[in-house]
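> structure here, sequence nowhere to be found:
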């Protein structure tokens, strides 16, 4: 028998959706997850998780599962070293971390591999693309799928990504579905580190590097025991967002010249690295414009459905895990029942939008800093860049989310709280 008197449906089985599903199932709650694809799958490069994300995963009870699949399979901070993309790749800044800060690097598909085997297959449903959410007079919600099937639930958790259907129910209709294209494209690929050294690359590639420049940057970090270099090259045409693109946002393969031409004025090592990416994928960077609320009735947005952001602080996935942690704490609280569910969800709506919106905006600021390093072109010099980089991750990493949730729950369920 479930430990609670309410049924939960999770729409979307990506990293955030599976994290909340796994945690709630282990707590004995009645949860089913509906995924639009034929199987659980994630695309994209690896993700770096900061101390706040690690704490959230620990709080969800899934950290040990994930660690087994991490690269390397242990907690370790790997802060960026910032260097110039031009010339001889002059050193700009080393981001300092403290001894008590734990981080984690993991390839997106491996995260799913860590959790999927732990979920009862009877709780997973595939080829279920949500198209509409409605509310019954009883207060229950109906999720309707593209195949004309539907499911009822007392609470719907929208983890259906940046193109979320649940977001329209929560945030209301919008001409662009609350989306924006940030006029930045990222080209991605992986190359052999030994081959790069053989071709004359002198830069130390065994640590995460952020190569900075005018309206562009490159991120590189080693994976698989320093065997391969993961490369992401981002190029901006404007800092002013535009309506979302009507064409495909992701192209699996584009001509290498399209990427390489944007970096023709960069230094030798950077150009050697990019020249080794023969068929880069191309990602048009889109975001969700900041929302005022993530809850309507008993439909709750988490992850990219709520706050998809630019990746410049490597903080987007971590914010999704923070969402999952807060929701987990609320739903598993001993006093949370169907009767007070709608009221207690206000805690989520109080905590999460301000926090995630702050991280969204700081991520934008970081991107402008990356793309503003141009000492001889009217941009920032090294000293200015160093001053702006110093401490920028601390408010993201060191936020006391556990304490914040406990304070709100204690206030809500205290002796004077109205249930």
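Noted; the coordinates are in hand. Remember, predicted model here, so these are calculated numbers, not experimental data.
> against residue 9, how distant is residue 123?
Separation of residue 123 from residue 9 (C-beta to C-beta, to the nearest Å): 10 Å. All C-beta spots, glycine's among them, are computed from the backbone N, C-alpha and C.
> comparing those two, which residue is more hemmed in?
Between residue 123 and residue 9, counted using other C-beta atoms under 10 Å, the more crowded position is residue 9 (24 against 15).
> can you pull the pLDDT of the residue lying closest to that one once chain neighbours are set aside?
Distances taken as C-beta to C-beta, 6 or more residues apart in numbering place residue 153 nearest to residue 9, at 3.8 Å, with adjacent residues excluded. Looking at residue 153, its pLDDT reads 98.
> now residue 153: phi and psi?
In terms of degrees, to the nearest 10, the main-chain angles of residue 153 are phi -150, psi 160.
> was I right to think it contacts residue 138?
No: contact between residue 153 and residue 138 fails when scored by C-beta atoms under 8 Å: they sit 11.6 Å apart.
> between these two, who's got more neighbours?
When residue 153 and residue 138 are compared on other C-beta under 10 Å, the one with more neighbours turns out to be residue 153, at 23 against 8.
> residues contacting that one?
Residue 153 sits next to 7-9, 32, 140-141, 143 when contact means C-beta atoms under 8 Å, 6 or more residues apart in numbering.
> ok, 10 Å please
With contacts defined as C-beta atoms under 10 Å, 6 or more residues apart in numbering, the neighbours of residue 153 are 6-11, 30-32, 34, 133, 140-143, 298-299.
> what about the lengthiest helix in the chain, distance to the chain center?
With DSSP state H setting the assignment, residue counts place helix 341-370 as the longest helix in the chain. The offset between the C-alpha centroid of helix 341-370 and the centroid of the whole chain comes to 12 Å, using C-alpha atoms, centre = their mean, to the nearest Å.
> what of stretch 301-314?
In terms of C-alpha atoms, centre = their mean, the centre of stretch 301-314 is set 5 Å apart from its chain centre.
> cool, stretch 400-411 as well?
Here the centre of mass of C-alpha atoms in stretch 400-411, compared against the chain's by C-alpha atoms, centre = their mean, lies 23 Å away.
> for it, buried residues please.
For stretch 400-411, the buried set under the neighbour-count rule, 16 or more other C-beta atoms under 10 Å, comprises 401, 405, 408-409.
> ok so, going back, anything in contact with each of residue 123 and residue 9?
Contact with both residue 123 and residue 9 is made by residues 30-33, according to C-beta under 10 Å, 6+ apart.
> of these, closest to residue 204?
residue 33 (42.3 Å; C-beta to C-beta).
> next helix or strand past the longest strand belonging to the chain?
Ordering each strand of the chain by length in residues (DSSP state E) puts strand 179-192 first. Where DSSP states H and E defines the elements, the next helix or strand beyond strand 179-192 is helix 193-198.
> next secondary structure after that following helix?
Following the chain from helix 193-198 toward its C-terminal end, the next helix or strand by DSSP H and E is strand 209-213.
> picking that back up, partner residues bridging the residue nearest to residue 9?
For residue 153, the residues forming beta bridges with it (DSSP bridges) are residue 141.
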